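Q: build me a model:
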Amino acid sequence: MSMQITDPKELPNNPGVYIMHDKDDEIIYVGKAKNLKKRVQSYFKDEDKLDHPKTRVLMRHFNYLEYIITDTEKEALILEASLIKKHRPQYNIRLKDGKQYPFIKITNEEYPRIFLTRNIINDNASYYGPYPNAHKAREFIDFINKNFKIRTCKSMNGPCLNYQIKQCSAPCINNITYDEYQKNIKHVKQLLSGKYKTIIKNMQQEMKRDAKNMNFEKAAILRDQIDTIKVTLEKQHIQLTENVDEDIIAIEHNNHEASVTILSVRGGKTSRKDDLTLQHIEDMTDQEIITEFIKQYYITAPIPDVIIVEQKIQDQEVINEWLNQKHEKRVKIRIAEDEHYNKLINIAKKNAKITLTENTKKEDNPLITLQGYLGLKKLPYHIEAFDISNISGEYAVASMVVFEDRKPKKNMYRKFKMQTPGPNDFAMMKEVLTRRYSYLSPNTPKGQNYMNDPDNSFYIKPDLVLIDGGKGQLSMAVEVFKELKIKDVPLIGLAKKFEEIYIPGRSNPIILPRRSSALRLLQYVRDESHRFAITFHRTLRKNAFTKSELDEIPGVGLKRKQALMLHFKNLDNIKKASVDEIASVKNIPEKVAHTIYEYMHES
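A: Numbering: from 1, shown residues only. Next up, the predicted model:
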């Protein structure tokens, strides 16, 4: 059952999944609940009472939600993980973009192929991964194709070079039966699932059976495959452990992303190490991060008998039930307590820390850097910036641009025609700030300006307001906020000449390093507000030049009209001008000046 609602009181008290949308119908968050009504109501509080800054930003964009009722909490968990993987909502914790981590795919064809892919689609194929190291994944595929003689061609139009060099079983010419080919695919799936002991045991049994039935050629092929697998796995094994299949998981994180290291133990030996990245983990606890990772990772990754973690995860009973069903036998989730597992966890944590450090060096998060430089209480997710554009006070406009999570939100941009006479950039900036932030002022009754803000975006409280200018412009902005009684909205001024940052209550500006990602972000926001303002200003000027009473006057074309408007600024000034003043304009002959004067006074 799926329904669209805006009021949590309409939700049932059933387990299920809720899917939040913004006004553009984009899915922005997916969550699961044991009790939908109780869980979703926790989002509908005053902004100041919401626990996390990310939740506050999420609810600013909330428009409506859908919900899907499930029979059990376990079904809700499975559905939630699948929807997150499919839609990759903006505000969910998620594994880094699939472009970063490829999967090994076994197709659903009559004679399946095996190859690397970055796209998981609903085509009944089998997917294994993710594989953070694409080069190693390709090597593994080459090993599989060579030793199990899996076809690589798409069309099966006859024997190819791979058959001639004995690296393909050539089902295209019936060189192998369907059952024999499927048996090879079964072995490959066991290998990719990490069931090394099982695959070797099964292949040894088949080898003995073939030898007993005097199928010596098949028995020899199996013998060679078994030997190759053993040698390959011995090269991969790095540490002896107990004779069980286990995953040891450890995390390290900053305020922006988490690095997760998984040591995979198969057949009693550590056979694989993966380093993956989780994004959008702001204000999340270690417990929340590891829980979300397990839910998303094991949708496609092979499930071991035991999962070792640093601390108890959330929803452990439900997750355990889900893993048991997928693994078809009991899976244990254990906390590392004894010396043996603590040693493995420490190894994993060291790897995770190294990966996190490398990722941080590669991609510095400017929001975190900016928060540190400015001493902000909250991460500046939602930034608003303003600029004024006019020529000697004429066609004066202001722009407001909005950035969220470092990206422009163009649907929230606003432009204003100034009512303040100019030229007076200070007074114009005061006007636009007052018009924008009166929505947040306790002095203004809520809803009074609703018709000017139909989507209620002006009721969003920004995390940072950027004014283009230095001390003077910033002081004026502070005065506006004081008059409107608006608190807890950080203001800064960015002076263009030396790119100095001014903040209220501090006499000396903050100078950020020229190559700082935080400075580049502020410059991007400031330049975008300037671009948006000047584009609007030019549009108004162009419209004034292209559509006016002057179009009706004989002898006045586009060039003469532009010359008149640039000289007199507006039609009122032309009406007040004498014939001599009109004739003094470049390219306006005295005869045309008389015609203009007579027309303007007649009209």
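
Q: quick one: the helices in the stretch 401-550 of the chain?
A: 425-437, 471-484, 517-546 (DSSP state H, counting those that start in this stretch).

Q: packing partners for the next helix or strand after the last one?
A: By that I understand helix 517-546. Counting by DSSP states H and E, the next helix or strand C-terminal to helix 517-546 is helix 558-568. Helix 558-568 sits against helix 517-546, with contacts defined as 3 or more CB pairs under 8 Å, 6 or more residues apart in numbering; DSSP states H and E. The C-beta positions use only the backbone N, C-alpha and C, and glycine is treated the same way.

Q: kindly recompute the last result at 10 Å.
A: Applying 3 or more CB pairs under 10 Å, 6 or more residues apart in numbering; DSSP states H and E, one finds that helix 558-568 contacts strand 394-404, helix 517-546, helix 571-576, helix 579-583, helix 590-602.

Q: okay, the ones you listed, which one's buried deepest?
A: strand 394-404 (a mean of 23; mean count of other CB atoms under 10 Å).

Q: wait, what's in contact with the closest residue to residue 191 other than its chain neighbours?
A: Residue nearest to residue 191 in three dimensions, not counting chain neighbours: residue 199, with 5.5 Å by CB to CB, 6 or more residues apart in numbering. For residue 199, the contact set (CB atoms under 10 Å, 6 or more residues apart in numbering) comprises 186, 187, 188, 189, 190, 191, 192, 193, 225, 226, 229, 267.

Q: got the contact list for the first one?
A: Residues in contact with residue 186 (CB under 10 Å, 6+ apart) are 199, 202.

Q: just how off-centre is the helix or strand where the residue nearest to residue 191 lies within its chain?
A: Using DSSP H and E, the element containing residue 199 is helix 196-212. Relative to its chain's centre, helix 196-212 lies at 47 Å (CA atoms, centre = their mean, to the nearest Å).

Q: any idea of the mean pLDDT for it?
A: For helix 196-212, the mean per-residue pLDDT is 79.

Q: repeat for stretch 575-592
A: Mean predicted lDDT for stretch 575-592 stands at 89.

Q: what's it in contact with?
A: With contact meaning CB under 10 Å, 6+ apart, stretch 575-592 is reached by 549, 553-557, 559-560, 562-568, 573-574, 593-601, 603.

Q: now do the end-to-end distance for that stretch.
A: Chord length of stretch 575-592, first to last residue, is 14 Å (CA to CA, to the nearest Å).

Q: mind listing the strands for the stretch 151-300 of the chain?
A: Counting by DSSP state E, counting those that start in this stretch, one finds strands in the stretch 151-300 of the chain at the ranges 246-253, 257-266, 269-279.

Q: what's the angle from the last one to strand 257-266?
A: Between strand 269-279 and strand 257-266, the angle formed by their directions is 160 degrees, by axes from the mean of the first three to the mean of the last three CA atoms, to 10 degrees.

Q: again, but for the first one
A: In terms of direction (the same axes, to 10 degrees), strand 246-253 departs from strand 257-266 by 170 degrees.

Q: strand partners (parallel or antiparallel) of strand 246-253?
A: Using DSSP bridges, the strands paired with strand 246-253 are strand 257-266 (antiparallel), strand 306-309 (parallel).

Q: verify the stated contact: residue 191 with residue 128.
A: Yes: in this structure, residue 191 is within contact of residue 128 by CB atoms under 10 Å, at 9.5 Å.

Q: anything in contact with each of these two?
A: residue 140.

Q: lowest mean pLDDT among the helices and strands of this structure, which one is it?
A: The helix or strand of the chain with the poorest confidence is strand 2-5; it has a mean of 66 (mean pLDDT, DSSP states H and E).

Q: any idea how many residues pack against residue 22?
A: 18 (other CB atoms under 10 Å).

Q: isn't it up against residue 64?
A: Yes: with contact defined as CB under 10 Å, residue 22 counts as touching residue 64 (9.0 Å).

Q: for the spatially most central residue of the chain, grab phi and psi.
A: Nearest to the mean C-alpha position of the chain, counting by CA atoms, centre = their mean, stands residue 90 at 4.9 Å. Dihedral pair for residue 90: phi -60, psi -30, per degrees, to the nearest 10.

Q: which helix or strand contains the closest residue to it other than its chain neighbours?
A: Using CB to CB, 6+ apart and skipping the chain neighbours, the partner closest in space to residue 90 is residue 28 (5.1 Å). When elements are assigned from DSSP H and E, residue 28 belongs to strand 27-33.

Q: mind checking how far stretch 45-57 is from the chain centre?
A: On CA atoms, centre = their mean, the centre of stretch 45-57 falls 20 Å from that of its chain.
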